[in-house]
Structures are given as C-alpha cells and as structure tokens.
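**Q** model this:
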Amino acid sequence: MGTGRGQTWLPALALGLLGSAAAPPEKVVLAVIVHPKNPAASLSFRDLRAALKLERQFWEGGRRIALYLPPSGAPERKLLLEKIYKMSNAELQKFWVNKVFSGEIPSSPSVARTPEAAGDLVRQNEGGIAIVPAAKVPRGVKVLQVDGKSPVDKDYPLAGVVEPAVGVE
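**A** Predicted structure coming up:
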C-alpha cells in the first residue's frame, strides 16, 4: 500500500464536485404577455388564474384565449406551478388531460420553449397569452399588470424564489 498521499485528494474532489452541483435558489419575476391589440391592460390575480387554468376561455370581446406555457423544468414554469396552479408538473399534465377529455377545453395549452417563441406565438394570435421571465420580454407584445402591479414593483404577485432545474420534471 502507498502512503495515502495520493488518495486524500479523491474524497476532497468528490465533495467539492458534489458541493458545487447544488446551485442556489433563483429569484424569478414573471411577465404576462399578450397580443398588442388585446384591450386588457391589467388583470386581477384571480382573473389571471382563471385565464391560465382556462376556467375563463374568452377575453372580453369574445376572442378565445390561446394559452402558451413555459416548458417543464423551466424556472418560470416552477413559479407558475407554485403561485397559480398550486400543483406539481405531473398533476398539471393530468389536469389538462381531464379538461380535454371532459370537453371543457378543445386542446391542452401549447408549450413555448423560449421567451422568443412565446412572443412569436402571442404576436400571431390576438387571443394569445404567455408567461415569460420579466427580464426576457420579447419585442412586439404587451405586458399586462397583475392586481395593478408591474413586474418591476416590489409587491408584484408573480415573483418568487425557485430551486434551479436539475433536469426535466
């Protein structure tokens, strides 16, 4: 057996790698984006929740709401699950399946893989609504206030801290 000198670095390296793998929680602020022609300027938190759960399916004026959600595992999806849906990602997927099969909604919401994709989808559909990180709002969309607050306001309701993604949920 050796002196052990070369063996002491292995556990230290392993601990260092494990310790650095855990990223700190991430502060997330979300923006609600809609088509620029959408007449809404602000939604109450209650109305936003109803729209994002498709309990409310039409905007004032009769245009159907087209919901575009962030992808599973994204920090913005995690905050939506916590603040709006109050369920896990798996439970949300079952929620949408149940709504489709019961005939409540015609189809599950689409997923916008990036904020830019969400912006493209919203710009193409006057009934579109999506949630994106407030720091990554795409050009050519309108940002709605929630309970009269903007994403930059201190007590904005769509802000919080989430654990960073370690893979797809």
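**Q** Every contact and neighbour count from this point should use C-alpha atoms.
**A** OK.
**Q** how about the CA coordinates for the helix or strand containing residue 28, as CSV?
**A** In the assignment (DSSP states H and E), residue 28 maps to strand 26-34. Taking Å, rounded to 0.1, in the frame of the first residue of the first chain, the C-alpha atoms of strand 26-34 are listed here in CSV:
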residue,chain,number,x,y,z
GLU,A,26,-33.1,31.5,-8.2
LYS,A,27,-35.2,34.7,-8.0
VAL,A,28,-37.8,34.7,-10.7
VAL,A,29,-40.1,37.5,-11.8
LEU,A,30,-42.6,36.7,-14.5
ALA,A,31,-44.3,38.9,-17.1
VAL,A,32,-47.8,38.2,-18.5
ILE,A,33,-47.6,38.9,-22.2
VAL,A,34,-50.5,39.3,-24.7
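**Q** Strand partners (parallel or antiparallel) of it?
**A** strand 128-133 (antiparallel), strand 142-146 (antiparallel), strand 159-162 (antiparallel) (DSSP bridges).
**Q** Could you list the buried residues of it?
**A** For strand 26-34, a neighbour-count test (16 or more other Cα atoms under 10 Å) marks 28-34 as buried.
**Q** next one: stretch 86-106
**A** 89, 96, 99, 105.
**Q** between these, which is nearest residue 162?
**A** residue 89 (14.0 Å; Cα to Cα).
**Q** where in the chain is pLDDT low?
**A** In the predicted model of the chain, residues 1-22, 165-169 satisfy pLDDT under 70.
**Q** Helices along that one, start to end?
**A** Along the chain, the segments classed as helices by DSSP state H run 9-21, 45-52, 75-80, 89-101, 115-124.
**Q** Show me which positions of the last one end up buried.
**A** If you call a residue buried by 16+ other Cα under 10 Å, then helix 115-124 has these buried ones: 115, 117-123.
**Q** tell me which strands and helices that helix is in contact with?
**A** strand 26-34, strand 128-133 (3 or more Cα pairs under 8 Å, 6 or more residues apart in numbering; DSSP states H and E).
**Q** Export these as CSV, with columns for distance to residue 49.
**A** Formatted as CSV, the helices and strands packed on helix 115-124 follow (distance: least, Cα to Cα, whole Å):
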stretch, distance to residue 49
strand 26-34, 11
strand 128-133, 12
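**Q** For residue 152, which of those is the nearest?
**A** The nearest among those, by Cα to Cα, is strand 26-34 at 8.5 Å.
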